[in-house]
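K.L.:
kindly generate the corresponding structure for this input.
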Amino acid sequence: MFDVKLCDNEIDRDGERFSLEVLEQLKTLFVGCTGIFDHNPCGENQNARIYATELVEEPKRETTTGEVYTYLKGHTYMIRTDTNRDMIREIDGGIKKEVSISCTAGAQTCSICGGDRRKATCTHRAGQMYAGKLCHTVLSEIQDTYERSFVAILAQREAGVTKQFRDGSQKAARCKMLEG
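P.N.:
Sure thing, here's the model as predicted:
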C-alpha cells in the first residue's frame, strides 16, 4: 500500500490547473481507478488500484492564484507477486515516483477573459502576464477519469508517491478507517 499525490490546484507545466471544485469532483471519480505506466491502456500494464481518496490542504501554503494549496491524495494498493517484486523495490527506493493522471475536462476556461478555449478563439497565451495576472487554463466539468500512470516527465510538478506503508499496524489502521 502506498499514497500518491494525484493532482493539485497549482498551475502546472502545461499552463493548466484544477479548481478546488474540480478536485472535490475528482476525489469521487478516482476511487477504483487503475494504475498503469505511461498512459498505455493495455490490460497487462495494470499495476495497482486506487481504493480511497482525500483532499489535503496545506493552510500555510498559497498557490500562484492565491488559493490555499490543496491536493488530491490517492490511497493505492498493489498485490505483491514475483513478477512485480522489482517494481515494489523501485517504489520503496523512490525510483518509481512521478505520476500523471488522465481525465476528460468538458471546459477549459481562460483565466484572463473567462472564455472556453475549446469553443472560442482566445488570444491570451498561457504563461503570459496580463495586467499583473498570469494567464492559464482552468480545467472544469470533468466528464470522466481513466487512470493514474507512472511516468518519467509529469505536468503536475509535485504529483507522485508520497508514502509507503511498511508494517501491519499501519495497514490495519487504514483498513479499520475504511470500514468505519
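
K.L.:
which element, helix or strand, includes Lys73?
P.N.:
Here Lys73 is covered by strand 68-77, with elements defined by DSSP states H and E.

K.L.:
which elements pack onto that strand?
P.N.:
Strand 68-77 makes packing contacts with strand 2-8, helix 20-29, strand 48-62 when contacts are defined by 3 or more C-beta pairs under 8 Å, 6 or more residues apart in numbering; DSSP states H and E. No exception for glycine: its C-beta is placed from N, CA and C like everyone else's.

K.L.:
what's the most buried one of those?
P.N.:
With neighbours defined as mean count of other C-beta atoms under 10 Å, the helices and strands packed on strand 68-77 peak in mean count at strand 2-8, which reaches a mean of 24.

K.L.:
how about the helices of this structure, start to end?
P.N.:
When secondary structure is read from DSSP state H, the chain shows helices at 20-29, 85-92, 168-179.

K.L.:
per-residue confidence for Met1?
P.N.:
We have a pLDDT of 89 for Met1.

K.L.:
measure it to Gln108 for me?
P.N.:
In this structure, Met1 and Gln108 are separated by 34 Å, where distance is defined by C-beta to C-beta, to the nearest Å.

K.L.:
and if you look at Leu29?
P.N.:
As judged by C-beta to C-beta, Leu29 and Gln108 stand 18 Å apart.

K.L.:
thought Glu16 was touching Thr137?
P.N.:
Yes. At 4.6 Å, Glu16 counts as touching Thr137 under the criterion of C-beta atoms under 8 Å.

K.L.:
higher neighbour count, these two?
P.N.:
Comparing Glu16 with Thr137 by other C-beta atoms under 10 Å, the one with more neighbours is Thr137, at 23 against 18.

K.L.:
from Ala105, how far out is that one?
P.N.:
9 Å.

K.L.:
what residue of the protein is the furthest out?
P.N.:
Ala131 (30.4 Å; C-alpha atoms, centre = their mean).

K.L.:
that older thread, which neighbours do Glu16 and Thr137 have in common?
P.N.:
Taking C-beta atoms under 8 Å, 6 or more residues apart in numbering as the contact criterion, the common neighbours of Glu16 and Thr137 are Gln108, Ala126.

K.L.:
just to revisit the earlier point, now the residue farthest from the centre of the chain: how far from Gly66?
P.N.:
Counting by C-beta to C-beta, the gap from Ala131 to Gly66 is 15 Å.

K.L.:
great, nothing more from me.
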